[in-house]
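**Student:** Sequence and predicted structure, then a few things I'm wondering about:
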Amino acid sequence: MTNDPIRVIEEKCTGCKLCVKTCPFEAIVVENRLARIDLTKCTLCGACVTACRFNAIEIREKTSEGTEDLGAYKDVWVFTEQTDGQIQSVTYELLGEGRKLADDLGMKLCAVVLGSEMNDAVKKLTARGAEKVYVVDKPELAYFQDEPYSAILIELVKKYKPCIFLCGATTIGRSLISRVAVSVKAGLTADCTALAIDPETKNLLQTRPAFGGNIMATIICPNARPQMSTVRHKVMKEADIDESRTGEILVEEVAVQLLKSRVKRLNFVPERETTINIAEANIIVSGGRGLQKPENFAVIRDLAEVLGAGVGSSRAAVDAGWIPYSHQVGQTGKTVCPKIYIACGISGQIQHLAGMSSSDIIVAINKDPDAPIFKYATYGIVGDALKIVPMLTEQFRKVLGK
Ligand SMILES: Cc1cc2nc3c(=O)[nH]c(=O)nc-3n(C[C@H](O)[C@H](O)[C@H](O)COP(=O)(O)OP(=O)(O)OC[C@H]3O[C@@H](n4cnc5c(N)ncnc54)[C@H](O)[C@@H]3O)c2cc1C
C-alpha cells in the first residue's frame, strides 16, 4: 500500500466515470475501467469520495511523518481562558457543551489550563465536569501571551492527540487557537453557534453563520484531527457545578524555550466601561438607527441606569459613530443572552438577531408595526422610542424607588 493521501480501491472501482464528472480539477481519468487520480492536480476536496457509489475512493490524511491514524485521537479538550487566575465564563460554557460531545463519543472531557498558581482554578474545572485537567503552571504564564501559550498547546496536542479541541471565540481564543490549528495541520471552524456529533461518522458537526448571516453552514473536518472550533460566548449553557466531582490532574513540565516570548506586557489598561459589560448583563437596553442622532442615546443610558442594565446597540448606530463598537450586538458584534433585551428603534435584521435572539424576554419598541423585530419580541410597543423610553424610565424609577 502506498502512502498517497488519496487512493482508488481497485477491487471496488467499476470504471463508471462518476468521479471523473464530479472532479472540479480534472484530476481523474478512467483507463482500462479503473479510475486513476493525478496527485499533481488533486486538492483532496473529497468531491469524488462523496460521488462514488461504490465507496471505491478513500482519502487518508498524510503528514510529514507519514500516514496519520485518526483513531489515535481521543477525548474532548476545552481551553481554559483565565484572567489574573479567574476562569472566564466562556470556559464553563465550553465544558457544558463539551460534556455532551464527550458523552456522545464515549470519550473523556478534559480541560487545559495555562497560568500561574492555578490550584483553585483546577478545582473549579473538575467541579464543572472536567474528568482530566492538563495544567502548565509557571510564573511566565500568569497572563496570556501568544507565543508561549500557543507553543505549549501545540506540544500538548502532539503529545496527547485530542479528538476535539474547543476554545472561546474571544480575543484571546481567536488569536491563540488559529496558531495551534495551523501548526498541527488541523481544520478550525471559527465562531460556532452549535456543535453536535454525527451519529454515523462520529465527526464533529460545527455550525456557524455564513454568507453574511443569511444561512447557517455546518462544517466538518473529516480528514484531520483534532477537530478545532471557537465557540461564541453566551451561546451555550454553562456546565453545572458539583463540588463533589474530582478529576485526574496532570501537571505538565515544558521546555524552558517554550516559555519565551518576544513580546513583553508593560502595562494592562482595562477598557473604560461607563456602563455594565453587555456580555455579562442580565438586562440590556439597546438602541438603533431609530434613535436618529447620537445625543438621543441618552434616553437609552437613562433607562439602563435605572434598571442596572448594560447598553447595547445595532451596527447601524455603531457605524454612524453614535456609540463605540464594544456595545454592538450581533453577528459582527457581541452575542448576548440576557434575561431581558429591550430593543429601541432597531428593525431586527438577521445579523442583529444572531446576537440576541436567545434572550429570555425580548421587548421591542418601534414605530413601524411591520418591523421584523416584532416577530421575535415577547412584548412589542408600537410607537416613538424617544417618547416611550423616557416614560418607561420614569415609571421604573418610581417602582424601583430610584
Ligand atoms: C456581514 C454583516 C454583518 C452585520 N453585523 C451586524 C451586527 O453585528 N449587528 C447589527 O446590529 N447589524 C449588523 N449588520 C447590519 C444589519 O444588516 C442592519 O443593517 C442593522 O442591524 C440595522 O440596524 P438598525 O436596526 O438600527 O437600523 P434600521 O434597519 O435602519 O432600523 C431602524 C428602525 O428604527 C425604527 N424607527 C425609526 N424611528 C423610530 C422612532 N422614533 N422610534 C422607534 N422606532 C423608530 C424604524 O422603523 C426601523 O425599524 C450586519 C450586516 C452585514 C452585511
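**Tutor:** Sure thing, it's come through.
**Student:** Close to the ligand: what parts of the stretch 201-350 of the chain are there?
**Tutor:** 212-213, 288-290, 314-317, 328-333, 345-347, 349 (CB under 6 Å from any ligand atom). In short, each C-beta sits where N, CA and C put it, glycine included.
**Student:** Contact partners for I152?
**Tutor:** L114, V136, L141, E252, V254, L258, L259 (CB atoms under 8 Å, 6 or more residues apart in numbering).
**Student:** Mind doing that once more with 7 Å?
**Tutor:** Contact analysis of I152 by CB atoms under 7 Å, 6 or more residues apart in numbering lists L114, V136, V254, L258.
**Student:** what bits of the chain have low per-residue confidence?
**Tutor:** 1-3, 61-68, 212-213, 271-275 (pLDDT under 70).
**Student:** Report the contact partners of the residue nearest the centre of it.
**Tutor:** Centroid-nearest residue in the chain: V231, 1.4 Å away (criterion: CA atoms, centre = their mean). The neighbourhood of V231, defined by CB under 7 Å, 6+ apart, consists of L94, E97, L166, G168, A169, C192.
**Student:** give me the number of residues near the residue lying closest to Q82 once chain neighbours are set aside?
**Tutor:** Of all residues not flanking Q82 in the chain, G115 sits nearest, at 5.2 Å (CB to CB, 6 or more residues apart in numbering). G115 has 25 neighbours, counted by other CB atoms under 10 Å.
**Student:** Quick check: the gap between G115 and K264.
**Tutor:** 18 Å (CB to CB, to the nearest Å).
**Student:** What residues does the stretch 51-200 of the chain have near the ligand?
**Tutor:** Counting by CB under 6 Å from any ligand atom, no residue of the stretch 51-200 of the chain sits close to the ligand.
**Student:** Let me see the ranges of the helices in the stretch 51-200 of the chain.
**Tutor:** 89-105, 119-127, 146-160, 171-183 (DSSP state H, counting those that start in this stretch).
**Student:** Let me know the angle separating the first one from helix 171-183.
**Tutor:** It stands for helix 89-105. 40 degrees (axes from the mean of the first three to the mean of the last three CA atoms, to 10 degrees).
**Student:** just how off-centre is helix 89-105 within its chain?
**Tutor:** 12 Å (CA atoms, centre = their mean, to the nearest Å).
**Student:** go on, the third one?
**Tutor:** Counting by CA atoms, centre = their mean, helix 146-160 is centred 19 Å from the centre of its parent chain.
**Student:** Please apply the same query to stretch 184-197.
**Tutor:** Distance, centroid of stretch 184-197 to centroid of chain: 8 Å (CA atoms, centre = their mean).
**Student:** Mind listing what's buried along it?
**Tutor:** For stretch 184-197, a neighbour-count test (16 or more other CB atoms under 10 Å) marks V184, A186, G187, L188, T189, A190, D191, C192, T193, L195, I197 as buried.
**Student:** which two of these lie the greatest distance from each other?
**Tutor:** Distances among these were taken as CB to CB; the most separated pair is V184 and T193, at 24.3 Å.
**Student:** still on that earlier bit, how about the helices of the stretch 51-200 of the chain, which one is nearest I278?
**Tutor:** Using CB to CB, the nearest of the helices of the stretch 51-200 of the chain to I278 is helix 89-105, at 13.5 Å.
**Student:** just the buried members of the residues of the stretch 201-350 of the chain next to the ligand?
**Tutor:** 213, 288-290, 314-317, 328-333, 345-347, 349.
**Student:** which among the buried residues of stretch 184-197 gets closest to the ligand?
**Tutor:** D191 (11.5 Å; CB to the nearest ligand atom).
**Student:** Tell me who's in contact with I6.
**Tutor:** I6 touches I37, C42, L44, I57, I59, counting by CB under 7 Å, 6+ apart.
**Student:** Now, those residues that are in strands?
**Tutor:** I37, I57, I59 (DSSP state E).
**Student:** Run through the helices of the stretch 201-350 of the chain in chain order.
**Tutor:** 297-307, 315-319, 350-356.
**Student:** quick one, which of the ones you listed is packed in tightest?
**Tutor:** Mean neighbour counts were taken over the helices of the stretch 201-350 of the chain using mean count of other CB atoms under 10 Å, and the top value, a mean of 23, falls to helix 350-356.
**Student:** Which neighbouring elements make contact with that helix?
**Tutor:** Here helix 350-356 touches no other helix or strand, going by 3 or more CB pairs under 7 Å, 6 or more residues apart in numbering; DSSP states H and E.
**Student:** Please pull up the helix or strand immediately following it.
**Tutor:** strand 361-366 (DSSP states H and E).
**Student:** close to the ligand, is that following strand?
**Tutor:** Yes - interface with the ligand: strand 361-366 contributes I365, N366 (CB under 6 Å from any ligand atom).
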